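K.L.:
I'd like to go over a predicted model; first the sequence, then the structure.
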Amino acid sequence: MRRPSPPIRPRRVPPRSRRGVPHGAKHGASCIVVRIVARTVARGARHAAVGALAVSVGGALAADPPAAAPAAATQAAVPAGDLAWMMASTALVLLMVVGLAFFYGGLVRRKNVLNTMMMSFVALGVVGLTFAAVGYSLAFAPGSAWLGGFAHAFLRGLGTAGGSGLPALLGFAFQATFAMISAALISGAVVERMRFGAYMLVIALWSVVVYAPLAKWVWGGGFLQQLGALDFAGGTVVHINAGVAAAVLAVLLGRRRDYGRKAMLPHQVPYTLLGAGLLWFGWFGFNAGSAQAADATAVLAFVNTLLAPAATLVVWALFDMARGGRVTAVGIATGMVVGLVAITPAAGFVGPSAALAIGALAALPSYLIMLWRARSRLDDALDVFAAHGVGGISGALLTGVFASRAWGAPVDGSLTQLGIQALAVTCALVFSAVGTLAVAGLVGLLTPLRADADTEAQGLDVGMHGEEAYTDGEGALLLPAARLEPRPPGVTSPAGSEA
């Protein structure tokens, strides 16, 4: 039984209980309020202690090398406009992969559209990881004229400090998007027949074994850069490289089972037009972002990226009209991409008039190669080699012709520079072909490269992913063909037997 509290005497301060509540207030309304306040304060003190411990532990875990925490003076050395433009350019190049997914997805048959689009999207993850792990280091870390070292493996030593240039981490992010889209481009040649897992292994190895060394040669202080080869934004590293790799894989995989026997028409041309528009939009970041600053060179590359594909589009439309009497949507979308590819190596090295000339001249070689490919046994399904390989070759060589010091190029166009460009193109062709062949051969030892005949006939969307891009009505129930028995005339299904 609780002992009664002593009577309250005037002018006397009551004694305190163990919890800090006056004894005389235990049974009053004020006692309840005071006790609630006391408990709240005690609970808050305990939470504050836990929070302080969490902050201290989190601070210890988040501690990074000094390079990741630049001084204010160093950070101020990089203009805010340059930082903003380069971050925006990185996002624009990433958007190009989405555009490529729609561009390719619209050109295939409906039973393979998801698989085709996923080949572009999965490159974001696979190549993003491999490039962060070792690809960036092999391309841009100090090393020999042939290959970088491992100083920046797993982004070691890269921070947000700018110094006299852009923050190293931002430079990595920008270059990573180039590697991603290079791998995604390859998929256009192998759609509708390559196993998805094998494709993931191929692009993972290819981004390290083929892409990274070639980037070192051209952009990372390698021997081609030392010779004076010009490649402003990736005509050699990205487009020739991916185009050749695509052709090699197309030969290794062989033709699709219906190739040459059935018309393989695009299932959704509006997807292709949407993708082409997104590619052009993102390409402003691809080319103008390669200036590495928001400056006059970026403006020049931006304008040239506007003009060259416009010229190619018009010339391509004229070719279509002269050949068949009509202009096709797929044709102008393809011509647009060829023009973007062709201006890429020259974007910051030539004037606007030269950009128009490059765009117009690049249309013919790619157009002729596409016509030849359609009559050949080479099943480069979406003409990756003709658009990117041949378009990149045309742009790289024409850079050696139209480069101008007046527009910021290190040299003027000449026969000597044309020879250097031809050497760079040859090195890219040979190295990419041999490297891709080696990568595909190694993956082929681990897993089959090509889907089996039944999966290919059914469609890779259902066969490999268990999904369909389009369904009828409320949904679709997927059943093997052997389980579908013909129903006798006049016999209907029992109620509730159909989904």
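P.N.:
The structure has been received and is ready for your questions.

K.L.:
any weak-confidence spans in the stretch 1-150 of the chain?
P.N.:
Filtered on pLDDT under 70, the stretch 1-150 of the chain yields the residue ranges 1-76.

K.L.:
Can you spell out the domain ranges of the protein, please?
P.N.:
15-56, 81-453 (automatic domain parsing).

K.L.:
Deepest in the core, which of these is it.
P.N.:
domain 81-453 (a mean of 21; mean count of other CB atoms under 10 Å). Quick note: C-beta positions are derived from backbone N, CA and C, even for glycine.

K.L.:
and L364, what does it touch?
P.N.:
The contact partners of L364, by CB atoms under 8 Å, 6 or more residues apart in numbering, come to V315, F319.

K.L.:
Spell out the secondary structure type for the closest residue in space to D461 that isn't next to it in sequence.
P.N.:
Spatial nearest neighbour of D461, excluding adjacent residues (CB to CB, 6 or more residues apart in numbering): L114 at 4.3 Å. At L114, secondary structure determined by DSSP: H, G, I helix; E, B strand; the rest coil is helix.

K.L.:
Ok, S137 next?
P.N.:
helix.

K.L.:
If you drop the residues flanking it in sequence, what lies closest to it?
P.N.:
S137's closest residue in space is H152 (CB to CB, 6+ apart), at 3.9 Å.

K.L.:
Could you measure from that neighbour over to F103?
P.N.:
Noted for H152: a distance of 33 Å to F103, by CB to CB, to the nearest Å.

K.L.:
got it, and S394?
P.N.:
20 Å.

K.L.:
repeat for I203
P.N.:
18 Å.

K.L.:
Check E467 too.
P.N.:
In terms of CB to CB, E467 sits 20 Å off from F103.

K.L.:
what's the answer for V126, then?
P.N.:
To F103, V126 is 20 Å away according to CB to CB.

K.L.:
Check A347 too.
P.N.:
Between A347 and F103 the distance is 21 Å, computed by CB to CB.

K.L.:
Over to S182?
P.N.:
Look at S182 and F103: by CB to CB, they are 15 Å apart.

K.L.:
Do a quick rundown of the helices in the stretch 301-450 of the chain.
P.N.:
Counting by DSSP state H, counting those that start in this stretch, the stretch 301-450 of the chain has helices at residues 329-343, 352-375, 384, 391-402, 415-446.

K.L.:
pLDDT at the residue nearest to V269 when sequence neighbours are not counted, what is it?
P.N.:
Spatial nearest neighbour of V269, excluding adjacent residues (CB to CB, 6+ apart): A329 at 5.1 Å. pLDDT for A329: 97.

K.L.:
And the one 5 residues further on, by the same measure?
P.N.:
In the prediction, the pLDDT value recorded for T334 is 97.

K.L.:
Nearest spatial neighbour of it, chain-adjacent residues omitted?
P.N.:
Closest to T334 by CB to CB, 6+ apart is A387, at 6.3 Å.

K.L.:
ditto for G339
P.N.:
Closest residue in space to G339, ignoring its immediate chain neighbours: T312 at 2.8 Å, by CB to CB, 6+ apart.

K.L.:
Nearest residue to N287 in space, please, no chain neighbours.
P.N.:
With sequence-adjacent residues excluded and distances taken as CB to CB, 6+ apart, N287 is closest to A347, at 4.1 Å.

K.L.:
Quick check, the one you found in contact with G289.
P.N.:
No - applying CB atoms under 8 Å, one finds A347 not in contact with G289, separated by 10.2 Å.

K.L.:
what is in contact with these two at once?
P.N.:
By CB under 8 Å, 6+ apart, the residues touching both A347 and G289 are A233.

K.L.:
picking that back up, now the domains of the chain in CSV, with distance to V462?
P.N.:
Listed next are the domains of the chain as CSV, based on distance: least, CB to CB, whole Å:
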stretch, distance to V462
domain 15-56, 48
domain 81-453, 7
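
K.L.:
tell me which element D82 falls in.
P.N.:
In this structure, D82 is located in helix 80-107 according to DSSP states H and E.

K.L.:
quick one, that helix and helix 329-343 angle?
P.N.:
Interaxial angle of helix 80-107 relative to helix 329-343 (axes from the mean of the first three to the mean of the last three CA atoms, to 10 degrees): 140 degrees.

K.L.:
OK, contacts around the residue lying closest to V202 once chain neighbours are set aside?
P.N.:
Distance criterion CB to CB, 6+ apart; nearest residue to V202, sequence neighbours excluded, is V443 at 5.2 Å. With contact set as CB under 8 Å, 6+ apart, V443 has these partners: A198, L201, V202, L205, L449.

K.L.:
what does H239 give?
P.N.:
Neighbouring residues of H239 by CB under 8 Å, 6+ apart: L185, V341, T344, H388, G389, G391, G392, G395.

K.L.:
For those, name the two members farthest from one another.
P.N.:
Farthest-apart pair in the contacts of H239 is L185 and G395; separation 14.9 Å (CB to CB).

K.L.:
thinking again about what came up before, torsion angles phi and psi at the residue nearest to S137?
P.N.:
phi -110, psi 20 (degrees, to the nearest 10).

K.L.:
was I right about it contacting A139?
P.N.:
No - using CB under 8 Å, H152 makes no contact with A139, being 9.2 Å away.

K.L.:
what is in contact with those two at once?
P.N.:
Residues touching both H152 and A139 by CB under 8 Å, 6+ apart: none at all.

K.L.:
that older thread, quick one: the residue nearest to N287 from T399, how far?
P.N.:
Distance, A347 to T399, by CB to CB: 9 Å.

K.L.:
what is in contact with these two at once?
P.N.:
Common neighbours of A347 and T399, using CB under 8 Å, 6+ apart, are F232.

K.L.:
Quick check: which ranges of the stretch 151-300 of the chain have low pLDDT?
P.N.:
Applying pLDDT under 70 to the stretch 151-300 of the chain flags the ranges 162-164.

K.L.:
What are the boundaries of the helices in it?
P.N.:
If DSSP H, counting those that start in this stretch is used as the criterion, the helices of the stretch 151-300 of the chain fall at 168-186, 196-206, 212-218, 223-227, 241-253, 269-288, 296-324.

K.L.:
Nearest to P352 among these would be which one?
P.N.:
Among the helices of the stretch 151-300 of the chain, helix 296-324 comes nearest to P352, with 5.6 Å by CB to CB.

K.L.:
Quick one: list the elements packing against the closest one.
P.N.:
Packed against helix 296-324 by the contact rule (3 or more CB pairs under 8 Å, 6 or more residues apart in numbering; DSSP states H and E) you find helix 269-288, helix 329-343, helix 352-375.

K.L.:
Pipe those helices into a markdown table and attach distance to V98 per row.
P.N.:
As requested, the helices and strands packed on helix 296-324 are arranged in a markdown table below (distance: least, CB to CB, whole Å):
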| stretch | distance to V98 |
| --- | --- |
| helix 269-288 | 6 |
| helix 329-343 | 15 |
| helix 352-375 | 24 |
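
K.L.:
In contact with the nearest residue to L442 once chain neighbours are set aside, which residues are there?
P.N.:
Of all residues not flanking L442 in the chain, L205 sits nearest, at 6.9 Å (CB to CB, 6+ apart). With contact set as CB under 8 Å, 6+ apart, L205 has these partners: V439, L442, V443.
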